[in-house]
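S.K.: Kindly return the folded structure for what I paste below:
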Amino acid sequence: MTVRKIVRIDEEKCDGCGQCIPNCREGALRVVDGKARLVSDRYCDGLGACLGVCPRDAITVIEREADEFDEQAVAAFHAVGGPHMRAAHGGCPGAALMSFAAGDDAAPASGPSDSPSALRQWPVQLELVPVNAPFFDGADLLLMADCVPFAVADFHARFLRGRKLLVGCPKLDDAARYAAKLAAILKGNDIRSLTIVHMEVPCCFGLVALARRALAESEKQVPVQEVVVGVQGAVRERQAAVPTL
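M.R.: As a prediction, this is how the structure comes out:
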């Protein structure tokens, strides 16, 4: 070990938005338990390419005792599939902030039944999306349980078109953290409406509960619509609004 420059992440400031991840070419960072963390000292070159993209100023470069930066270890790490392999467009879409219009970078239809994608932004995971993402201004939000697209054949046309997507699982993920994140999004942006789409199974109704909590914390009056999807894709219930939210 030697004393050298290396990044430091302030966990009190970090909100787990993930914007730093695609900006680290070495793959030294990833989100673990809702916080950005250093995977290994050997993967960090200490140059701080991730600093300028952190909206919370949670990343700094300090000097401390650490393993030397190891380019061969980084190459081996990427060869076996590190936490984010950089795509041709410049970063993993799960973490990179992107907003695009219909037709941008769209794949050509391969058959007469193909429909264009209605997705208009990345990230989509509630854990990763920044609360201050520019695509939230004036947005109609779709808060969706992550099983829904597998059940609904026409998900893009029926639910996603014209909306900005937030995805999460109220059973497997941290619902309290999701509620706080959604509250910050609602409070900090001009959200026009919120549509909640979840499966009919009992645990999935937790998505409605966390949305109710988020709306209360945000103190915003936002029109809300709830859609319940059956396990075979049928829309079992559709409410014009959820008055208890």
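
S.K.: all helices for the chain, in order.
M.R.: 71-79, 148-151, 155, 175-188, 206-218 (DSSP state H).

S.K.: Pro202: neighbour count?
M.R.: For Pro202, the count of nearby residues is 8 (other C-beta atoms under 10 Å). Heads up, the C-betas are built off the backbone N, CA and C, glycines and all.

S.K.: Can you give me the pLDDT of it?
M.R.: We have a pLDDT of 91 for Pro202.

S.K.: For it, which residues are in contact?
M.R.: Applying C-beta atoms under 8 Å, 6 or more residues apart in numbering, we find Pro202 in contact with no residue.

S.K.: just Ser40 next, same as before
M.R.: Here Ser40 is in contact with Ala28, Asp67, Ala73, Phe77 (criterion: C-beta under 8 Å, 6+ apart).

S.K.: Could you identify the buried members of those?
M.R.: With burial judged by 16 or more other C-beta atoms under 10 Å, the buried subset of the contacts of Ser40 is Ala28, Phe77.

S.K.: Am I right that Gly233 is in contact with Asp154?
M.R.: No: contact between Gly233 and Asp154 fails when scored by C-beta atoms under 8 Å: they sit 9.1 Å apart.

S.K.: Looking at the two, which is more packed in?
M.R.: Taking other C-beta under 10 Å, Gly233 and Asp154 do not tie; Gly233 has more neighbours (13 against 10).

S.K.: Please tell me how far the nearest residue to the more buried one once chain neighbours are set aside sits from Arg213.
M.R.: Excluding its sequence neighbours, the residue lying closest to Gly233 (C-beta to C-beta, 6 or more residues apart in numbering) is Ala151, at 4.4 Å. Separation of Ala151 from Arg213 (C-beta to C-beta, to the nearest Å) stands at 25 Å.

S.K.: looking at it, the residue nearest to Gly233 is touching Arg236, isn't it?
M.R.: No: with contact defined as C-beta under 8 Å, Ala151 does not count as touching Arg236 (11.0 Å).

S.K.: returning to that earlier point: quick one: residues contacting the residue nearest to Gly233.
M.R.: Met199, Val229, Gly230, Val231, Gln232, Gly233.

S.K.: Can you give me the separation between Val7 and Cys169?
M.R.: Taken as C-beta to C-beta, the span from Val7 to Cys169 is 30 Å.

S.K.: Same check on Glu200?
M.R.: Glu200 is 15 Å from Cys169, where distance means C-beta to C-beta.

S.K.: How about Ser218?
M.R.: 22 Å.

S.K.: OK, contacts around Asp173?
M.R.: Leu126, Glu127.

S.K.: pLDDT score assigned to it?
M.R.: According to the prediction, Asp173 has pLDDT 85.

S.K.: just Arg25 next, same as before
M.R.: 78.

S.K.: Check Ala106 too.
M.R.: Looking at Ala106, its pLDDT reads 50.

S.K.: do Ala95 as well
M.R.: For Ala95, the pLDDT comes out at 58.

S.K.: what do you get for Ala101?
M.R.: Confidence score, pLDDT, at Ala101: 72.

S.K.: Skip the chain neighbours and tell me the closest residue to it.
M.R.: Leaving aside its sequence neighbours, Ala101 sits nearest to Arg120 (C-beta to C-beta, 6+ apart; 7.1 Å).
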